[in-house]
Each structure stands twice: as structure tokens, then as C-alpha cells.
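**Student:** the following block contains a protein sequence and its predicted model.
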Amino acid sequence: MRTNTPAEVNADTYDHYVDTFTLEWNRNLVQRVEHELAQRHVASGRLLDVGTGTARTLIELARVPSLAPLGFVGVDYYDDMVQRAGRNVRAEGLEGRIEIRAGDVHALPFDDGTFVAVIGRSVVHHWADPIGAYREIFRTLAPGGFALIHEPCSDPAPEALAFFNERRAAAGVHPVHLDGKFTVAESVAQLHEAGIGEYAHVSKGSGMLAIGFEVLIAKPAQQ
């Protein structure tokens, strides 16, 4: 049986790694969020980052001028990540824009329809129950909202995997483990089992993004 699994390094090491060596992947997710918000003409509301880690993606989002009307919330299961995320947010002077909370993606501490968007980067393989987690994410989405998750897969393109591992080595982090991760087909099956497959699209990345795939969930405006 799967359990929630932490990052393989402490929060300080993880923060340095994410802020220095994964910027291209972080910024791709930020750009995708900008695009999806613009496509849906979302001008206000709250965005949730599940498995926020040390909040670096939220800090990037909060710096985007067009997203100034949005409020941001980051949730993480692990106390060391929550504490470091809070320090990072305060150091950037973003306490008024970003709220950091402890929480479990399998039982999110929010009402139905709270968020216009939910995001996550490299989080699914940490979840004890991806099917239950997808249901919770869908529950907390407002009608017309979307979820966008970028996740490493168990069958990445060899060139993308080599590049990713080069970056990890430069950060003093061991090569990525592929066990416990999923294929596109497995993720599609999880979403269908969660009862939201008709609202979701899973696509393998290209170039450096071929290390994984994107899950895009669009909640109907009316149900």
C-alpha cells in the first residue's frame, strides 16, 4: 500500500535545488498557468498550490504583473517544507499575497469550489492515493476552474532524463528514481477511476519537458 512520501532531502537542500537548478521547469509551469488563466478570462480569485514545497512556484506567480488580482495559497504535508515556505514568503515581502498552510491533498482543508485554479509540480508520486487526491482537487475547484499538474513519469525520454539528472548532479542530488512514478496511460486510468476522466487531459511533454507529463483538469462552469 502506498503512503505519502517526503522529498529525499531536507527542506533547505530542496529549496536550493528548486530555486537554482529547476528554474526552467518551474517557469514553464508558471507560463502555462498564465496562459490557462488568460484563456479562461480569469481576473480574480484564489489559486492553490498542492505540495507547494518551499513555495518557489507561488513566489514566481506572485511576481507576474497580470496575476496581481489573484490570491495564492500553498499547502504541504511536511512541517519542514511548511516552515521553510513561510520563511521564503516573508523574505520576499509577500505575506499579503501568499498564505502557507499545512495540509494533506487527500483531505484539503477548504470548502467546495474555493479555487479558480489548482496547481502542482512533481507531486503525484508523493501521494498515498492519487485517485483520492484528484477527487479532492476537483472538489475544491470552482465551476469553470482548472487544475494543472506537471509530473515526472516512469518512462521519460532518455535525452530529457539525462539532462534532468545532469542538473540534479550539479545540485548534489542523486539521479531521479523512476519507481513509484506513473505513465500517461496509468494517470489517465487514475483520473477515470476518480470519476473526472471526461474533464481531464494528460499529455507527454517534449524537449526537456519529456521528463514527464501534464495533467489538465477543466471543471465545467455548470454541472
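**Tutor:** Received it, and whenever you're ready, just let me know what you need.
**Student:** buried ones in the helix ranked longest in the chain?
**Tutor:** As assigned by DSSP state H, the longest helix anywhere in the chain is helix 23-39. The neighbour-count check on helix 23-39 (16 or more other CB atoms under 10 Å) flags 25-26, 28-30, 33, 36-37 as buried. (C-beta placed from N, C-alpha, C; glycine too.)
**Student:** swap in stretch 171-182?
**Tutor:** Residues 171, 173, 176, 181-182 are the ones in stretch 171-182 that count as buried (16+ other CB under 10 Å).
**Student:** all helices of the protein, in order?
**Tutor:** Taking DSSP H as the criterion, the chain carries its helices at 11-21, 23-39, 56-62, 79-91, 130-140, 158-170, 184-193.
**Student:** so for Pro220, which of those sits nearest?
**Tutor:** Among the helices of the chain, the nearest to Pro220 by CB to CB is helix 130-140 (10.7 Å).
**Student:** how about the top strand by length along the chain, which residues are buried there?
**Tutor:** Scanning the chain for the strand with the most residues, using DSSP state E, yields strand 141-152. Within strand 141-152, the residues that qualify as buried are 141-142, 144-152, counting by 16+ other CB under 10 Å.
**Student:** ok, the residue nearest to Thr54 when sequence neighbours are not counted - contacts?
**Tutor:** Of all residues not flanking Thr54 in the chain, Asp15 sits nearest, at 4.1 Å (CB to CB, 6 or more residues apart in numbering). Contact analysis of Asp15 by CB atoms under 8 Å, 6 or more residues apart in numbering lists 53-54, 56, 84, 88.
**Student:** nearest to Leu161 among the buried residues of stretch 171-182?
**Tutor:** The closest of these to Leu161 turns out to be Val176 (CB to CB; 7.3 Å).
**Student:** roughly how far does that closest one sit from Gly53?
**Tutor:** Here Val176 is placed at a distance of 16 Å from Gly53 (CB to CB, to the nearest Å).
**Student:** how about Asp129?
**Tutor:** In terms of CB to CB, Asp129 sits 20 Å off from Gly53.
**Student:** pLDDT on the longest strand of the chain, on average?
**Tutor:** Per-residue pLDDT over strand 141-152 has a mean of 97.
**Student:** ok, that strand: who's next to it in the sheet?
**Tutor:** Within its sheet, strand 141-152 is paired with strand 115-121 (parallel), strand 212-218 (antiparallel), according to DSSP bridges.
**Student:** picking up where we left off before, packing partners of the longest helix of the chain?
**Tutor:** Secondary structure elements in contact with helix 23-39, counted by 3 or more CB pairs under 8 Å, 6 or more residues apart in numbering; DSSP states H and E, are helix 56-62, strand 115-121, strand 141-152.
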